[in-house]
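**Q** Structure of the sequence below:
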Amino acid sequence: TKPQIATWVFSRRATALASALSGATRRGNRVAFLPDSASQSLLGAAMLFDTIVIGGGQGAALARMLAQGGQRVALIEKNSLGGTCTNVGCTPSKAQIAAAKRASDARNARKLGVKVGEVRAERDEIANRSNAIVREFRGYIEERLDSIANLQIFRGHGRFRAAKTLEVALENGELCEIQAQNIVLAVGSATPCPALDGIENVEWLDHARALQLREIPRHLAILGGGYIACEFAQMWARFGARVTIIQNGDHLLSREDPCVSDAIAQILRDENIEIRLGCEAQNVRKIGEEIEIHLKNSPAIRPSHLLVATGQKPNTNDLNLGKSGVKTGENGEILTDEFLEAAPNVFALGDCKGGPAFKHIAFDDARILSARLLRGEKRSIQNRLVSYVVYTDPQLGRVGMTAAQAREKNLDFEEKFLPICDTARGVESGEDKGFLRALVERGSGKILGGAFLARDGGELISVLQTAMLAELPAQALRDATFPHPTQAEALNRLFSDN
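**A** Numbering: from 1, shown residues only. Model prediction:
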C-alpha cells in the first residue's frame, strides 16, 4: 500500500531537525547549507522520508513521480540537476553535432547545384549555443522540481551510515542525517582516467571537456571505438580537425554485427578520419605542444589533443555501500535483481546498475520503480526491448537482436536488406549512404531486430520498434500504406519477398 505521510510518527529529534531545516539556506526547496544552530541540532538527529533518491538525473524524474504520488521524498545531488544527459551528454553533444552537420551540408551543397562560399566553424558560437540550451533545459528541470512541496532537494554528497540512513555533506561542508524506508541509487557513471603510463602528465579530454573546447584541435586522437568515439570523430573532423581513432578491437562499435560496424567505419574514412584497429595505446608523454602516444601494433602518433572514450565507470566508489548490503560487480556496477532491487528496500536505476547506458533506459527504470514504490507493482526489466541511436551522419538506429545474438539463441531467421541508394527518398535528398537491415523469424514473420543506417535512422527505427512492441509481423509493414516519398515507405520494399 502507498505510504501516507500523515501516518509517520516523528521523534522529537526529527521534529527538531525539521524545524532547523526550515531555517536553512535554500534555493526554492533546495537545501544548500545549514545555519550553525541547525548543524548543532543535527547531532543524533535524522529527518524522515518515505524515499531518498541519490542522483539528480533520472533520479530526479523518479523523485518527482513519487512526490507527486504523495510520498515525502529527499533528492540528493552534488552537481547540476538534470544529470549527465542534460548537462554534459545528450543535450550539448547533439546540439554541436547539429552544427557539424550544417557545416558538412554546406560544403557538399554543390552536389545538388547550390554554390556556397567559405564554411568555417566558429567554436565560441557553437559552444555558447549548446551551453545556452543546457541552461534552458536545466532551468526547466529545476523550476519543475522546486514547485513540488513535499520534495526536498539536498545539494551535497550522500553516503550510507546504515541500511536506511544517509549522511549528506552539504555544499558548505556541514553534515546532516536523513532516513527513509526506501533508498534509490541513481548516481550515473563517468569517464575514468585510463590505466595508461604517463597519463597523469597529460591534459586529456573526456567528452564533457571536449565539448567546451574553444579551439579546433590541429590533430585529435580518440582512444576507443564506441558510440562517443564515432560521433565525436565525425563532428570534430567536420569542424576542421584531423582525427585519428585508436581502437584495440577489430571493429568499431564492437556490439554491432560486423557489416554494420564496417559500414560506419567506411563512412568515417570517407571523411578522411584515420582509423587504427587492433592497436592499443601503451604510454603517453607530453612533448612541447604535442602528445606522443606509443601504440602496440602501430606506429606512434603525435596529436595535439587526446580524447578518452574507452567507456564509463559507475559512480559507486564513495557511497559507503558496505553499510547498505548492496553488492557491486567488476566495473563497480550495482548488482540488482530483475526488479531493480539491490538489497532489501534499496534500489538502483540507470547507468550505475550496468547494462544499456542510455537516458531512455534510465527513465524507464524510474517508471518501473515509481510503480513499485507507489502501488506495489513489480515490473521486470528482463526481455525489455532496447533501442538506441548512434548520432553519426547517417544515423545508426538500432533495436532488438543482432544477427550474432539471434544465432546464439538458435533462431531460424532471414536477413532483410535494402541500400538507401535504392530508395526514392535517398536519391532525391542526395543523402543516399547506408542501408536498412532487419532480422525476421522464418515461419512466424516475427521481427527480431533491426539496424537502420540512414539520414534519420533514429526516427525510422522507432517505427520498427513500435511494430515490434505491438507484435506485428513483418508482413504488416510490407503491406502498410506509408506517405510517399518518405524514408518509412522503404519499409514496404525492405520486407517484400522480392
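**Q** Give me the distance between the nearest residue to residue 319 once chain neighbours are set aside and residue 175.
**A** Closest residue to residue 319 apart from its sequence neighbours, by Cβ to Cβ, 6 or more residues apart in numbering: residue 159 at 5.6 Å. For every residue, glycine as well, the C-beta is placed using N, CA and C. Taking Cβ to Cβ, to the nearest Å as the measure, residue 159 falls 10 Å from residue 175.
**Q** intersection of neighbour lists for those two?
**A** Among the neighbours of residue 159, those also in contact with residue 175 (Cβ atoms under 8 Å, 6 or more residues apart in numbering) are 167, 169.
**Q** can you map out the strands along the stretch 251-400 of the chain?
**A** 274-277, 280-287, 290-296, 298-301, 305-308, 313-314, 341-343, 346-348, 387-390, 395-400 (DSSP state E, counting those that start in this stretch).
**Q** what helix or strand is the closest residue to residue 346 other than its chain neighbours on?
**A** Excluding the flanking residues, the one nearest residue 346 by Cβ to Cβ, 6+ apart is residue 183, at 5.0 Å. Using DSSP states H and E, residue 183 maps to strand 175-185.
**Q** What number of residues are in the vicinity of residue 251?
**A** 20 (other Cβ atoms under 10 Å).
**Q** so what pLDDT did residue 488 get?
**A** In this prediction, residue 488 carries a pLDDT score of 96.
**Q** hmm, back to that, now render the strands of the stretch 251-400 of the chain as a markdown table, adding mean pLDDT.
**A** Supplementary listing: the strands of the stretch 251-400 of the chain in a markdown table, determined by pLDDT from 0 to 100:
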| stretch | mean pLDDT |
| --- | --- |
| strand 274-277 | 98 |
| strand 280-287 | 95 |
| strand 290-296 | 97 |
| strand 298-301 | 96 |
| strand 305-308 | 98 |
| strand 313-314 | 96 |
| strand 341-343 | 98 |
| strand 346-348 | 98 |
| strand 387-390 | 98 |
| strand 395-400 | 98 |
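**Q** Let me know the next secondary structure element after the strand holding residue 183.
**A** strand 189-190.
**Q** Identify all contacting residues around that next one.
**A** Outside strand 189-190, the residues that reach it (Cβ under 8 Å, 6+ apart) are 84, 206, 312, 313, 314, 315, 351, 352, 357.
**Q** Closest to residue 422 out of these?
**A** Closest approach between those and residue 422, by Cβ to Cβ: residue 357, at 34.4 Å.
**Q** For the closest one, what are phi and psi?
**A** Backbone torsions for residue 357, taken as degrees, to the nearest 10, come to phi -100, psi 80.
**Q** Tell me how many other residues crowd it.
**A** There are 21 residues near residue 357, going by other Cβ under 10 Å.
**Q** in whichever strand or helix holds residue 67, what's buried?
**A** Per DSSP H and E: residue 67 is located in helix 58-68. For helix 58-68, the neighbour count (16 or more other Cβ atoms under 10 Å) marks 58, 59, 60, 61, 62, 63, 64, 65, 66, 67 as buried.
**Q** residues contacting the fourth one?
**A** Residue 61 is in contact with 363, 366, counting by Cβ under 8 Å, 6+ apart.
**Q** again with the first one
**A** Contact criterion Cβ under 8 Å, 6+ apart gives 83, 186, 349, 350, 359, 362, 363, 365, 366 as the residues in contact with residue 58.
**Q** Columns pLDDT and distance to residue 424 on top of those residues, output as CSV?
**A** Output for those, formatted as CSV (pLDDT from 0 to 100; distance: Cβ to Cβ, whole Å):
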residue, pLDDT, distance to residue 424
83, 96, 41
186, 98, 45
349, 98, 43
350, 97, 40
359, 97, 33
362, 98, 38
363, 98, 35
365, 98, 40
366, 98, 41
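**Q** between those residues, which has the most around it?
**A** residue 350 (35 neighbours).
**Q** Excluding sequence neighbours, find me the nearest residue to that one.
**A** Using Cβ to Cβ, 6+ apart, the nearest residue to residue 350 is residue 362, at 3.3 Å.
**Q** And for residue 423?
**A** residue 490 (4.5 Å).
**Q** Residue 392 versus the one you found, what's the distance?
**A** 19 Å.
**Q** picking up where we left off before, could you export the strands of the stretch 251-400 of the chain as TSV, including mean neighbour count and distance to residue 230?
**A** Listed next are those as TSV, based on neighbours: other Cβ atoms under 10 Å; distance: least, Cβ to Cβ, whole Å:
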stretch	mean neighbour count	distance to residue 230
strand 274-277	18	10
strand 280-287	16	18
strand 290-296	17	19
strand 298-301	14	19
strand 305-308	25	12
strand 313-314	20	20
strand 341-343	19	32
strand 346-348	26	28
strand 387-390	20	6
strand 395-400	24	9
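**Q** just so I know, which of these lies nearest residue 54?
**A** strand 346-348 (9.8 Å).
**Q** distance between that closest one and the chain's centre?
**A** 19 Å (Cα atoms, centre = their mean, to the nearest Å).
**Q** Packing partners of that strand?
**A** strand 175-185 (3 or more Cβ pairs under 8 Å, 6 or more residues apart in numbering; DSSP states H and E).
**Q** now with 10 Å?
**A** For strand 346-348, the packing partners by 3 or more Cβ pairs under 10 Å, 6 or more residues apart in numbering; DSSP states H and E come out as strand 47-54, strand 175-185, strand 341-343, helix 359-375.
**Q** Report how many residues lie close to the residue nearest to residue 76 when sequence neighbours are not counted.
**A** Nearest residue to residue 76, sequence neighbours excluded (Cβ to Cβ, 6+ apart): residue 158, at 4.0 Å. Around residue 158 there are 27 other residues, counting by other Cβ under 10 Å.
**Q** circling back: columns distance to residue 405 on top of the contacts of strand 189-190, output as JSON lines?
**A** Formatted as JSON lines, the contacts of strand 189-190 follow (distance: Cβ to Cβ, whole Å):
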{"residue": "84", "distance to residue 405": "27"}
{"residue": "206", "distance to residue 405": "30"}
{"residue": "312", "distance to residue 405": "22"}
{"residue": "313", "distance to residue 405": "25"}
{"residue": "314", "distance to residue 405": "24"}
{"residue": "315", "distance to residue 405": "29"}
{"residue": "351", "distance to residue 405": "22"}
{"residue": "352", "distance to residue 405": "25"}
{"residue": "357", "distance to residue 405": "18"}
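**Q** Between all of these, which two are separated the most?
**A** Taking Cβ to Cβ as the measure, the contacts of strand 189-190 span a maximum distance of 17.4 Å, between 206 and 352.
**Q** which of these two has more neighbours?
**A** Ranked by neighbour count (other Cβ under 10 Å), residue 206 and residue 352 place residue 352 first, with 29 against 17.
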